[in-house]
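Student: Model the structure of this input:
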Amino acid sequence: MDGSKELNEVVNGYTKDNLFHLLASKSSKKVYKSMFEYLNDVGKQVGQEQAFYTFDFADMLYKLQLWKEKLPDVRPYYAVKVNSDPVLLRLFVLLGLSFDCATEGEIRMVVEAGGDPRNVVFAHTFKTPRALKYASSVGVDLMTFDAEEELLKIHEEYPETRLLLRLSPKDVQCAFDLSEKFGCKLDEIHYLLSRAKELNLKVVGVSFHVGALCTEPGSFISTIYDTRKVFDEAKKLGFKFTIVDIGGGFFGCTEREKIFHDTSEKIKQALKENFPEEDVEFIAEPGCYFAASAITLTTAIIGKKSMRSNSSSKDDIRRHYFLNDGIYGSFFRGIEAYDIRPVPLLKEN
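Tutor: Numbering: from 1, shown residues only. You can find the predicted model right below:
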């Protein structure tokens, strides 16, 4: 089937669980002048019974085009953990994206969406034996590690796969630091690569992740320089490294787009300086970058109460508002960390 035709069919057919009301509205020939008008209309239909999301596919297309303009030599692998909606995954398959999967379940979702397993990186550094066997059975042949224990497991379950050694960044500035939990230090590199050599495993490159929502481009740059050191050490041990995975951490909200512009320019320069070889492939694992600004959550206030504070002032009143969504739903990672900015729908401006 023609890709553009299938894309239209997939999008126009998505009305599952009333999550994409705009398409149903289009089928009834109603045209909205603005997102404000649309959200108000759908909100009235749904009432207070459920919150709902709206996907802006045009925004995702814009983000992909922006990525190609700013980082043309870095192949994006969408981080499925950020949003694994099946239609979103199918859209990315049709757009030719690759995928970063952290679990067997995420790989299954990509495969079910029509994704090519050869375009998947199994990016969790610790995987279950069953997950390794499944990856082998469907043809996922690129994955990460950062410990000897994982090397031994891979040697037992899937020795023919290609491996990326995950490096732990230093001095990261981000909303969620992953460097303590994932990645190895520079002084561990020689031992791990030596063990991989003894086990006859195919280590083909380096991966790292500077943490979610990185605010400082220097975190990427310093780790790219450290990655060059790992490449040089690997060469001494007889490995031929050909992949640099710079991970994720890119802002996706429109208000922070300048950070992406600045960061991408510095990344591009650092990669050019440190890896002049023509046979090195650069990849990344953006998730929030693609999904954040493209998805709007609409909630309803289902209750409110006023409470006096502990101060003596009679006018010192605190008001608590209760929504039909919360920290055990859409807000599980916190409003402050992800720059979530509520906008009332009472007035268009």
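Student: helices and strands around the one helix or strand residue 65 maps to, which ones?
Tutor: Assessed by DSSP states H and E, residue 65 sits inside helix 57-70. Helix 57-70 sits against strand 74-79, helix 86-94, helix 257-274, helix 288-291, with contacts defined as 3 or more Cβ pairs under 8 Å, 6 or more residues apart in numbering; DSSP states H and E. Just so you know, the C-beta spots here come from the backbone N, C-alpha and C atoms, and that holds for glycine as well.
Student: Dump the last one to CSV, restricted to CA.
Tutor: Just to be clear, that refers to helix 288-291. The C-alpha coordinates for helix 288-291 follow below in CSV (Å, rounded to 0.1, in the frame of the first residue of the first chain):
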residue,chain,number,x,y,z
CYS,A,288,9.8,14.1,24.6
TYR,A,289,11.3,16.1,21.6
PHE,A,290,8.7,14.6,19.3
ALA,A,291,5.7,14.0,21.7
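Student: could you say what helices and strands that helix packs with?
Tutor: Under the contact definition 3+ Cβ pairs under 8 Å, 6+ apart, helix 288-291 sits against helix 57-70, strand 74-79.
Student: Following the chain onward from it, which element is next?
Tutor: Scanning forward in sequence from helix 288-291 by DSSP H and E, the next helix or strand is strand 295-298.
Student: could you give the mean pLDDT of the helix or strand just after that following strand?
Tutor: Sequence-wise, the next helix or strand downstream of strand 295-298 (DSSP H and E) is strand 301-308. Strand 301-308 comes out with an average pLDDT of 87.
Student: Buried residues of strand 301-308, list them for me.
Tutor: Within strand 301-308, no residue is scored as buried using 16 or more other Cβ atoms under 10 Å.
Student: With stretch 188-195 instead?
Tutor: Neighbour-count burial for stretch 188-195, counted by 16+ other Cβ under 10 Å, picks out 188, 189, 192, 193.
Student: Could you look up the SS state of the first one?
Tutor: Going by DSSP: H, G, I helix; E, B strand; the rest coil, the secondary structure assigned to residue 188 is helix.
Student: most tightly surrounded among the helices and strands packed on helix 288-291?
Tutor: Ranked by mean neighbour count, these are led by strand 74-79 with a mean of 24 (mean count of other Cβ atoms under 10 Å).
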